[in-house]
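Q: just to be clear, the model below is a prediction. Sequence and coordinates:
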Amino acid sequence: MPEGLLAAARDWAGRLRARDPLVEQVGCVGSYARGDWGVGSDLDIIVIVSHSDEPWMRRPLRYEPEGLPVPADVWVYTRSEWDKLPVDAPLLARRLWREFVALS
């Protein structure tokens, strides 16, 4: 991952964790995490929260990334959902866990 993007992503993740006590972990997956990004790539961010009453598709609205030099998509999982991912979606879990680069 380019150093400028990594620094910006870590800064955003740090601010996010400081302002929201539900956030347990922040990381990225996808082309930037793998190192095969190119023109038009976006940053795929995973936010793991302790719990949430929001539906899965609405959760990213609370964690809109700011100050990043590339577009970003945010996926928000509760700790329980993240931990159960190998059972619920084993292929996705393997991919996400293999690629995951911690940002905070």
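A: Everything's here; your move. Numbering: from 1, shown residues only.
Q: can you pull up the most central residue in the chain?
A: In the chain, the centroid-proximal residue (Cα atoms, centre = their mean) is residue 46; its distance is 1.7 Å.
Q: and it, its phi and psi?
A: In terms of degrees, to the nearest 10, the main-chain angles of residue 46 are phi -110, psi 130.
Q: against residue 92, how distant is it?
A: 11 Å (Cβ to Cβ, to the nearest Å). Where C-beta positions appear, they are placed from N, C-alpha and C, glycine not excepted.
Q: now swap in residue 81 and tell me
A: From residue 81 to residue 92 the distance is 11 Å (Cβ to Cβ).
Q: now the strands: where do they sit in this protein?
A: 23-29, 43-49, 72-78, 101-102 (DSSP state E).
Q: now the residue nearest to the centre of the chain, which residues is it bridged with?
A: For residue 46, the beta-bridge partners are residue 27, residue 75 (DSSP bridges).
Q: list the contacts for it?
A: 25-29, 74-77, 96, 100 (Cβ atoms under 8 Å, 6 or more residues apart in numbering).
Q: out of those, give me the one that has the most neighbours.
A: Taking other Cβ atoms under 10 Å as the neighbour criterion, residue 28 ranks highest of those with 26 neighbours.
Q: returning to what we had before: between residue 81 and residue 92, point out the one with more neighbours.
A: residue 81 (16 against 11).
Q: compute the number of surrounding residues for the closest residue to residue 16 other than its chain neighbours.
A: Leaving aside its sequence neighbours, residue 16 sits nearest to residue 23 (Cβ to Cβ, 6 or more residues apart in numbering; 5.6 Å). Residue 23 has 19 neighbours, counted by other Cβ under 10 Å.
Q: relative to residue 76, how far out is residue 56?
A: Separation of residue 56 from residue 76 (Cβ to Cβ): 7 Å.
Q: do residue 51 as well
A: 11 Å.
Q: ok, residue 69 next?
A: Taken as Cβ to Cβ, the span from residue 69 to residue 76 is 22 Å.
Q: cool, residue 4 as well?
A: Distance check for residue 4 against residue 76: by Cβ to Cβ, it reads 25 Å.
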